[in-house]
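**Q** Just need the structure, nothing else, for what follows:
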Amino acid sequence: MTKQGGKKQRRRRAPGRGALVAISALLIGSALIRIGDDAGQAFAKVANEPEVMQPQETVQQGQSETPEELQAMLNAFREREAKIAQQEAAIQDRMQALKFANREIERKLTELTAAEEALRETIALADTAAESDLDRLTRVYENMKPKQAAALFEEMDPNFAAGFLGRMRPEAAAAVMAGLSPEAAHTFSVVLAGRNANVPTE
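**A** Next comes the predicted model:
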């Protein structure tokens with residue numbers, strides 16, 4: 001009976017041990033699963049932390065650098081605008097100076113044109129007056145007695161006297177030449193011939 005009772009007890013204990021082993025295996029498995037999940041989450045956090053921090057750092061860097069770059073660009077634009085404004089002001093000043101210079105040049109040209117015209121008129125009047133004076137003086141010499149006129153011509157410069165003789169009527173000039181000394185008559189004749197030497201004959 002002892003042997004049989006021992007066998008029964010062994011048979012009864014065997015199922016209890018199997019259950020304990022199974023429960024232990026389940027607990028160990030669940031613990032391993034939990035440890036694996038925690039480790040996975042930890043690894044995931046470690047792996048994800050740089051990805052999360054990088055955008056934040058980028059945002060922070062963008063927030064710290066972008067205003068400086070924008071400010072530098074704004075300063076450069078302002079400097080360019082100031083230079084352009086200075087250049088435009090200088091161009092406007094030059095344009096005003098050129099307009100003023102053009103007006104002055106036009107005024108001077110008008111004055112010079114008027115002065116030139118007045119000078120021409122004065123020269124024309126002077127030439128006319130001189131010509132009139134020479135005509136009158138020539139008529140005076142023509143109306144003088146030949147001896148008196150010859151005496152005056154003897155004192156004149158040969159070129160001046162020859163000019164009057166050339167303007168006088170031929171008969172009056174011949175009468176004056178007849179009253180001159182041979183030397184004066186020869187000199188006046190040479191001057192008159194020299195004046196007419198370049199006159200074209202054809």
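**Q** how does the chain divide up, domain by domain?
**A** The chain is divided into the following domains under automatic domain parsing: 47-128, 144-196.
**Q** Quick check: what element follows the lowest-mean-pLDDT helix or strand in the chain along the chain?
**A** Across the helices and strands of the chain, mean pLDDT, DSSP states H and E gives its lowest value to helix 2-143, namely a mean of 72. Using DSSP states H and E, the helix or strand that follows helix 2-143 in sequence is helix 146-155.
**Q** Only the buried residues of that following helix, if you could.
**A** By neighbour count with 16 or more other Cβ atoms under 10 Å, helix 146-155 contains the buried residues 146, 149-150, 153. From N, CA and C alone the C-beta is placed, and that goes for glycine too.
**Q** What helices and strands are in contact with it?
**A** If you count contacts as 3 or more Cβ pairs under 8 Å, 6 or more residues apart in numbering; DSSP states H and E, helix 146-155 packs onto helix 158-167, helix 170-179, helix 182-197.
**Q** and stretch 116-123, C-alpha only, in CSV?
**A** The C-alpha coordinates for stretch 116-123 follow below in CSV (Å, rounded to 0.1, in the frame of the first residue of the first chain):
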residue,chain,number,x,y,z
GLU,A,116,28.5,141.6,-85.6
GLU,A,117,25.5,143.0,-87.5
ALA,A,118,26.1,146.4,-85.9
LEU,A,119,29.8,146.2,-86.7
ARG,A,120,29.0,145.3,-90.3
GLU,A,121,26.7,148.3,-90.5
THR,A,122,29.3,150.5,-88.9
ILE,A,123,32.0,149.2,-91.3
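**Q** And it, what's buried?
**A** If you call a residue buried by 16+ other Cβ under 10 Å, then stretch 116-123 has no buried ones at all.
**Q** Same check on stretch 132-140?
**A** By neighbour count with 16+ other Cβ under 10 Å, stretch 132-140 contains the buried residues residue 138.
**Q** ok, residues contacting that stretch?
**A** 164, 167-168 (Cβ atoms under 8 Å, 6 or more residues apart in numbering).
**Q** quick one: which of the residues you listed has the most company?
**A** Using other Cβ atoms under 10 Å as the neighbour test, the contacts of stretch 132-140 are led by residue 164, with 21 neighbours.
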